[in-house]
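K.L.:
Sequence and computational prediction follow.
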Amino acid sequence: MTTQKFKPPAKGPSWLVIQLLERCNLRCTMCYEWGENGSYLELSKLAELDEDLLLNTLKESLPARPYVEFFGGEPLLYKGIWKAMDLLREGGCQLVFPTNGTTLRSHADRLVTDSPTRIWVSLDGPEEINDRQRGRGVYQKAMRGIEEVSEQKRRTGLRYPELGITFLITPDNYLTIEQFFRDVDLSHLGAISVELQSYATPEMHRHYSLVAHDVFGVTSTPHAASYVRDPKIFADVDVDELVRQLLAVRKLCEANNVRFWTRPETVDTGTIAAYLAADWSKMNDFHQRCAIPWRYAEISARGEVTTCHTFYDITIGNIHEQSLLEIWQGDRAKKVRDHVRKELFPICPTCSRFYSLGAHPVGPQG
Ligand SMILES: C[S@@+](CC[C@H](N)C(=O)[O-])C[C@H]1O[C@@H](n2cnc3c(N)ncnc32)[C@H](O)[C@@H]1O
Ligand code: SF4
């Protein structure tokens, strides 16, 4: 792929991700925000986007009709989510967001009335496995939430939000993928996304920190650091069995008219084994370039804007100081694009967006 002829759209990003807040009511073990290595554990004060600033930024973005995703922390804990949802619906934008599902049931009514395009409920296995990874009682709450939203849709005859389950594969749950989806009532779901845990090697992180410092003057990279894992944690994964399970779920989805996505997209032993061994360039889905910074902006709960997902270390501006459009067209954004035009960041293979490149945005892509 060449990014040579790409120009960022003058009206602003066509794919906009907004982290509404950093706060979360769970502490999922693998989470790069709140998990064992999570970068948010160190924060003394948690940020939340100012509601007026959020609404003004969304209004400014509407002419580009972006595909919008909310992010967290836990998006459904953000009080201003409903006004933002209304604004985007009236502006004709698609809105998708992930949730841990713990408050889904109590919000079901409003979610069906306000009709975001899709909600991804994060569930990582049968009850015992899910709750070991995500917290006690979470499975039941999320399942009751799915049922309630589905029931409200049936009662009202409304079609949205479409419900999806996103399943994050870790060494602890990969043997339960098929059984989990065989036990779920697929009639509630429009989509399933099964994604390999994102991680970076210590060496990638070191290399990234050098680039961040030498090229962009960034002195610390805690967000990228929270992804660091030793690939040895995947050493015992039976890749053939993992591939078999993924293909079985794909078949199950086809038979039940449920869309199915995986990350990476290619499900074969070579690609999955390469991913788990940090041998990224051997993956079928590896690319030499990334086009995301030309179409994508992400705003953190602190107002910082980046062109990459969750790597809030190399920022291109802050909406507390400039408008999103000014930032999007500014020198710092240009500098990032110029860099990515020449070479990837060392951390790029860790990023979920890297695997959906120019394609349509898919899963919640943690
Ligand atoms: C960070 S959470 C924020 C939204 C919400 N709290 C939730 O859990 O859905 C967004 C998604 O990232 C996923 N995620 C967490 N840790 C991850 C990791 N290390 N690699 C890839 N995805 C991860 C979660 O499972 C979830 O689906
Ligand atoms: S994955 Fe989501 S629910 Fe779990 S700790 Fe991270 S942000 Fe919270």
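P.N.:
Cool, got the structure. Ligands and ions are numbered 1, 2, ... in the order given.

K.L.:
buried set for the longest helix seen in the chain?
P.N.:
When the chain is parsed with DSSP state H, its longest helix is helix 138-156. Neighbour-count burial for helix 138-156, counted by 16 or more other CB atoms under 10 Å, picks out 138-139, 141-150, 152-153. In this view, the C-beta of every residue, glycine as well, is placed from N, C-alpha and C.

K.L.:
likewise stretch 238-257?
P.N.:
239, 242, 243, 245, 246, 249, 250, 252, 253.

K.L.:
With secondary structure and pLDDT added, can I get the residues you listed in TSV?
P.N.:
TSV is the format used below for the buried residues of stretch 238-257 (DSSP: H, G, I helix; E, B strand; the rest coil; pLDDT from 0 to 100):
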residue	secondary structure	pLDDT
239	helix	98
242	helix	98
243	helix	98
245	helix	98
246	helix	98
249	helix	98
250	helix	98
252	helix	98
253	helix	98
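
K.L.:
mind checking pLDDT for the most far-flung residue of the chain relative to its centre?
P.N.:
Taking CA atoms, centre = their mean as the measure, the residue most remote from the mean C-alpha position of the chain is residue 155, 30.6 Å away. Residue 155 is assigned a pLDDT of 97 by the prediction.

K.L.:
With residue 19 instead?
P.N.:
Model confidence at residue 19, given as pLDDT, is 98.

K.L.:
Count the residues that sit near it.
P.N.:
25 (other CB atoms under 10 Å).

K.L.:
For it, give the beta-bridge partners.
P.N.:
Per DSSP bridges, the residues bridged to residue 19 are residue 71.

K.L.:
Isn't it up against residue 72?
P.N.:
Yes: using CB atoms under 8 Å, residue 19 makes contact with residue 72 at a distance of 6.5 Å.

K.L.:
Okay, the residue farthest from the centre of the chain and ligand 1: tell me how far apart.
P.N.:
According to CB to the nearest ligand atom, to the nearest Å, residue 155 stands 26 Å off from ligand 1.

K.L.:
For that residue, give its distance to residue 112.
P.N.:
9 Å (CB to CB, to the nearest Å).

K.L.:
residues in this protein within reach of ligand 2, list them.
P.N.:
Neighbours of ligand 2 within the chain, by CB under 6 Å from any ligand atom: 24, 26, 27, 28, 31, 33, 34, 72, 73, 74, 100, 134.

K.L.:
on that earlier part again, tell me which of the buried residues of helix 138-156 is nearest to residue 13?
P.N.:
Minimum distance to residue 13 across the buried residues of helix 138-156 is 28.8 Å, recorded for residue 149 (CB to CB).

K.L.:
tell me which element residue 158 is part of?
P.N.:
Using DSSP states H and E, residue 158 is not contained in any helix or strand.

K.L.:
Excluding chain neighbours, what is closest to it?
P.N.:
residue 112 (5.4 Å; CB to CB, 6 or more residues apart in numbering).

K.L.:
Burial check on the one you found, number of neighbours?
P.N.:
Neighbours of residue 112 under the rule other CB under 10 Å: 22.

K.L.:
ok, residue 98 - contacts?
P.N.:
Counting by CB atoms under 8 Å, 6 or more residues apart in numbering, residue 98 makes contact with 71, 72, 75, 119, 120, 121, 122, 166, 364, 366.

K.L.:
Identify the bridge partners of it.
P.N.:
In beta-bridge terms (that is, DSSP bridges), residue 98 pairs with residue 120.

K.L.:
Nearest to ligand 2: which residue in the stretch 51-200 of the chain?
P.N.:
For the stretch 51-200 of the chain and ligand 2, the shortest gap (CB to the nearest ligand atom) falls at residue 100, measuring 3.5 Å.
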